[in-house]
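Chemist: Pasting a predicted model and its sequence here:
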Amino acid sequence: MEQTATLHDRELNAGYRMKRSAGMAAVYAALVVGVALMIVPFWWMISTSLKSPLEILAFPPTWIPTGHFAERADGTWEEVYIVSQDETAGTVDVRSLDGDLERTVAASAVVDRIRFRFRNYAEAWSQAPFARYYFNTILITVFVVMGVLVTSSLAAYAFARMKFWGRDNIFLIFLSMMMVPQPVYLVPSYIILVKLGWIDTYQALIIPWFAHIFSIFLLRQHFKTIPNDLYDAAIIDGCSRFAFLWRVILPLSKAVLVAVVIFTIVGTWNSFLWPLVMTNTPEVRPLQVGLARFSQEQGTSHELMMAAAAFSVAPLIVAYFFAQKQIIQSMATSGLKG
Amino acid sequence: MRSRDTGGGEARRIWSRTLTSRGRENLTAYAFLAPFLIIFAVFLVYPVVYSLYLALHQVPSDSFDVFGGLQFVGLRNFAKLFTDVKFWWSVLMTLYYAALIIPSGIAVSLALALLLNNRLRGVAIYRSAFFMPYVLDMLVIGIVWTLIYSPHIGILVRLFESVGITAFSEKGFLGMSSIAMPSVVFANVLKGAGFGMILYLSAIQNIPRSLYEAAEIDGATSWRRFTAITLPLVKPITFFMVVIGTIGALNAFVEVYAMTSGGPSVDVGGRALGATWVTGYYVFDAFYNQWRLGYASAMSYVLLALTMIVTVVNRRFLGEKD
């Protein structure tokens, strides 16, 4: 259907044009529905995070956080909730949000206003050591990225440009290891980390992630495209292998390295099962695990839960906003590892 | 290790004298590989082997000593597994999950790609909006959808109520055994569709225009052009989507953890089983909640075997090349 729209522009006649514009209207309608479906969960997260506990129960539900306000005796306004309504008398009983003071006012004296309860964020933030979780996640992510860059570029260089015993077999083993389901690693890795004394340490959440097979695969593909002449010239100039990798190959591979950095950041930021199992205390616990704990402890405070969820994903959303093109490209390649 | 191949000087001279150039190349290569290889061996290869060892053992119920306390039990864990209704149910639920998520994921991705393949204003905006959830983590998405699906206050329940459908009001979408799994899948499809969309979009844009023009001259309808030209030419992407969808189903955990914890309970022949009790979650549960290390290992090995079978079957039936 979409092809009709792009074809034969030169042959447009009246009927065709009408058909085409009707088709395009349908396309735009479908797109709007699609975008709405994608955005609504986020909208709902943000909107709920800015509501008062009572507003969450309100019927009909509010899409934009709204509160009832009543005028105080001194002319200032305060947020209230409505206890009961007397239709015939035209009055409502209201109670202020912070106190128990109940009073009766004229229905016309209560107005609805959009207001955002940002204090939910402060409250959620203070109810669990989120600052610590944030620090942990950033620290872990930074180190994993650096480690992956070092181990992967060295290994990828060896695979791409050196001949050594067992090269092709080792590479094949690498690729087949990518198929092993995550749950297989769970129990043995836990015991290995216990034996190393690494449970509840940063290294448990960092070092095992240095072995990132797909980065090697991607970098190797790129390194192979760099012409051999460069290497020959460098060797004549007395350049060592390592210096050649550092001074020539890596500067020529910036785009691929950026991709590796992006999908390593996203992967590390979002990793959950591993840190859940390998940490018991808040000291080294990353954000995602902290969030899961918070959700178990929090239970019914939806507005606090959504505030916590919102500030957990905020860095990725902000980063996505600024570097969408790069991120889409990198993530799309990283998914190609199957 | 690195100083040996970077630093010049004495060490280098000695080493060039004592080794053939081939041996030297071997050593240098392994020096480059070493940082990766050590971590790979300790954290990726060894655990897989060790897991098999664990599968043949059990931790006595009174012992929390993971080292000394292991008892050799031979194949007993596997024998137990094969008579464990809960396990076979989890395999069935994993298949159900895969059967729901693979076709719907492909359909939504392809539909989005076809939409974006039009000459549109602001294609980049739509593409960004569709792709964004893929970057975010399943846990947060799961937490948000849990609220959306929840009974009484959930927005979805209320939308249905506003058109007079109250069937979901009492238990919410995740509390009803018949629709819990489709609901988990729906949230997940929306999260992942942007990724498939990008793959399909680039495949579609690589199809030569002339094919469509020729077909149109021959009087092919747009539906016919879609089924006879587009679909066959994006088949490699579809194959890829089936493969990663299958692997995703065998690895499914976070979505279940965040939304249902394997529930809600469903009555099967007098036994209470979980409506979203996938194998990935059962392995976690056996290990983390029940501390049955040997049993969890045995189960994960069956999962590994299933992965291998599925991979071979996929290769055989769906396509010869990647």
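Modeler: On my side now, so go ahead.
Chemist: need the residues of the stretch 201-338 of chain A near chain B, please.
Modeler: For the stretch 201-338 of chain A, the residues found near chain B under the criterion Cβ under 8 Å from any Cβ of the partner chain are A:207-208, A:210-211, A:213, A:216, A:240-243, A:266, A:269-270, A:272-273, A:277, A:288, A:291-292, A:295, A:302, A:305-306, A:309, A:312-313, A:316-317, A:320, A:324, A:327-328, A:331-332, A:335-336, A:338. From N, CA and C alone the C-beta is placed, and that goes for glycine too.
Chemist: For A:Ser301, which non-adjacent residue is spatially closest?
Modeler: Excluding the flanking residues, the one nearest A:Ser301 by Cβ to Cβ, 6 or more residues apart in numbering or on different chains is A:Pro53, at 6.9 Å.
Chemist: Do whichever helix in chain A runs longest and chain B come into contact?
Modeler: Longest helix of chain A, by residue count under DSSP state H: helix A:14-49. Yes. Counting by Cβ under 8 Å from any Cβ, chain B is contacted by helix A:14-49 at A:24, A:27-28, A:30-31, A:34-35, A:37-39, A:41-42, A:44-45, A:48.
Chemist: Tell me, what's the model's pLDDT at the residue in the stretch 101-250 of chain B that chain A sits nearest to?
Modeler: Closest approach between the stretch 101-250 of chain B and chain A, counting by Cβ to the nearest Cβ: B:Asp137, at 3.4 Å. Note on B:Asp137: pLDDT of 85.
Chemist: how far away is it from A:Leu291?
Modeler: 9 Å (Cβ to Cβ, to the nearest Å).
Chemist: filter the residues of the stretch 201-338 of chain A next to chain B to the buried ones?
Modeler: A:207-208, A:210-211, A:213, A:216, A:240-242, A:266, A:269-270, A:272-273, A:277, A:288, A:291-292, A:295, A:302, A:305-306, A:309, A:312-313, A:316, A:320, A:324, A:327-328, A:331-332, A:335, A:338 (16 or more other Cβ atoms under 10 Å in any protein chain shown).
Chemist: so where do the strands sit in the stretch 151-300 of chain B?
Modeler: Here the stretch 151-300 of chain B has its strands, by DSSP state E, counting those that start in this stretch, at B:265-268, B:271-274.
Chemist: actually the stretch 101-250 of chain A, not the one I typed
Modeler: Assigned by DSSP E, counting those that start in this stretch, the strands in the stretch 101-250 of chain A fall at A:102-106, A:110-114.
Chemist: which one of those lies closest to chain B?
Modeler: Here strand A:110-114 is closest among the strands of the stretch 101-250 of chain A (Cβ to the nearest Cβ), at 18.1 Å.
Chemist: which residues are contacting the closest one?
Modeler: A:Ile64, A:Pro65, A:Thr66, A:Gly67, A:His68, A:Phe69, A:Ala70, A:Val80, A:Ile82, A:Val92, A:Val94 (Cβ atoms under 8 Å, 6 or more residues apart in numbering or on different chains).
Chemist: Now with 10 Å, please.
Modeler: If you take Cβ atoms under 10 Å, 6 or more residues apart in numbering or on different chains as the criterion, strand A:110-114 is touched by A:50, A:62, A:64-71, A:77, A:79-80, A:82, A:85, A:91-92, A:94.
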